[in-house]
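Student: Attaching a predicted model along with its sequence, questions to come.
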Amino acid sequence: MNINQRPTLSFLTAVIAWFVVSGPVLAEKTLVLNTAFTSPLSNDAQSGFADVIVGKALHRIGYQLKTVRLPAERALINANAGIDDGDLLRIDGLQKSYPNLIQVPEKIINLEFVVFTTKTSFPIKGWKSLKPYSVAIITGWKILERNIPAGTDLIKVKNADQLFTLLLGNRVDAIVYSRWVGLGYIKQHKIREIRILGKPLARRKMYVYLHKKHKNLVPRLAKSLRHIKANGDYRRAFRKILAPYSRR
């Protein structure tokens, strides 16, 4: 072998080795979805129900999920502006108010929105039942902002900590929140004084929303979510993560 060929061969060997090592890293694509939800639907370890289902569905089409926790209103603003790639979990129809967001047409879960209370007790007969009482919600939860009757003594807060602090401090009669995340908060903080009052105020399908720059990804993600449901992954995740809260 000509001695002059050695540098060239060494260079080629180095280039090939670099591609072998770096190839998977270069091919990896990350989708950043923000959310205001907490356990058991989403958490920093991405082991919440929505994290697991959306993460598996994205993995099937070559993406890695990264969640960013933000206040509910800020999450929508950032997703609509394209700062983040989308929102992990929202009610149907938000694209009417946030035109840069596209709803992925395959539901992630049905959520129940319920009344939590400590000492106060009253019959729940729809949203109008709240009007005589002082109530707190989290800003940016659109289903609550749109349905709680005008004239209700309403306080809006930024997060779950503030929400439950108001209730435990007897500064409001009740709070309205998602059943799953409310029970998750109660379990995490070992709270015994709070209970769910009556039947749910509403039950809604929840969806992933993507910024319009990812419009080509929408049908692929919807198809992948259907596959997750068909192959049993969805059912297994539900049993493991959410079923324990159903017995409460």
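Tutor: Received it, and whenever you're ready, just let me know what you need.
Student: Verify the stated contact: Phe116 with Asp173.
Tutor: No. In this structure, Phe116 is not within contact of Asp173 by C-beta atoms under 8 Å, at 10.5 Å. (Each C-beta comes from the backbone N, C-alpha and C, glycine too.)
Student: Could you point out the helix or strand that follows the host helix or strand of Leu225?
Tutor: Counting by DSSP states H and E, the element that carries Leu225 is helix 218-230. Downstream of helix 218-230, the first helix or strand assigned by DSSP H and E is helix 233-237.
Student: buried set for that next one?
Tutor: Using 16 or more other C-beta atoms under 10 Å as the test for burial, helix 233-237 gives 233-234, 237.
Student: I'd like these laid out as TSV, including pLDDT.
Tutor: What follows is the buried residues of helix 233-237, written out as TSV (pLDDT from 0 to 100):
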residue	pLDDT
Asp233	98
Tyr234	98
Ala237	98
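Student: quick check, nearest of those residues to Glu106?
Tutor: Tyr234 (10.7 Å; C-beta to C-beta).
Student: if I look at the closest one, how far off is Val135?
Tutor: The gap separating Tyr234 from Val135 is 34 Å, by C-beta to C-beta, to the nearest Å.
Student: ok, and what's touching the helix holding Leu225?
Tutor: 53-54, 56-58, 60-61, 102, 104-106, 108, 208, 210, 234-235 (C-beta atoms under 8 Å, 6 or more residues apart in numbering).
Student: Filter these down to the ones in strands?
Tutor: Taking DSSP state E, the ones among these that sit in strands are 102, 208, 210.
Student: ok, the last one - contacts?
Tutor: This points to Leu210. Applying C-beta under 8 Å, 6+ apart, we find Leu210 in contact with 85-86, 101-102, 104, 217-218, 221.
Student: can you rerun that using 7 Å?
Tutor: By C-beta atoms under 7 Å, 6 or more residues apart in numbering, the residues touching Leu210 are 85-86, 102, 104, 217-218.
Student: mind checking how far the residue lying closest to Gly62 once chain neighbours are set aside is from Lys66?
Tutor: With sequence-adjacent residues excluded and distances taken as C-beta to C-beta, 6 or more residues apart in numbering, Gly62 is closest to Lys29, at 6.1 Å. In this view, Lys29 and Lys66 are 11 Å apart by C-beta to C-beta.
Student: Also Arg60?
Tutor: Taking C-beta to C-beta, one finds Arg60 at 17 Å from Lys66.
Student: same check, this time on Gly232
Tutor: Counting by C-beta to C-beta, the gap from Gly232 to Lys66 is 26 Å.
Student: Run a quick neighbour tally on Gly151.
Tutor: 8 (other C-beta atoms under 10 Å).
Student: In three-state terms, label it for me.
Tutor: When classified by DSSP: H, G, I helix; E, B strand; the rest coil, Gly151 comes out as coil.
Student: burial of the nearest residue to it once chain neighbours are set aside, as a residue count?
Tutor: If the residues on either side of it in the chain are set aside, Gly151 comes closest to Lys131, at 6.1 Å by C-beta to C-beta, 6+ apart. Here the number of neighbours of Lys131 (other C-beta under 10 Å) works out to 14.
Student: host element of Gln46?
Tutor: Using DSSP H and E, Gln46 maps to neither a helix nor a strand.
Student: Pull the contacting residues for it.
Tutor: 55, 65, 67.
Student: Now do the phi/psi pair for the second one.
Tutor: In this entry, Leu65 is assigned phi and psi values of phi -90, psi 140 (degrees, to the nearest 10).
Student: So for it, what's the pLDDT?
Tutor: Confidence at Leu65, expressed as pLDDT, is 98.
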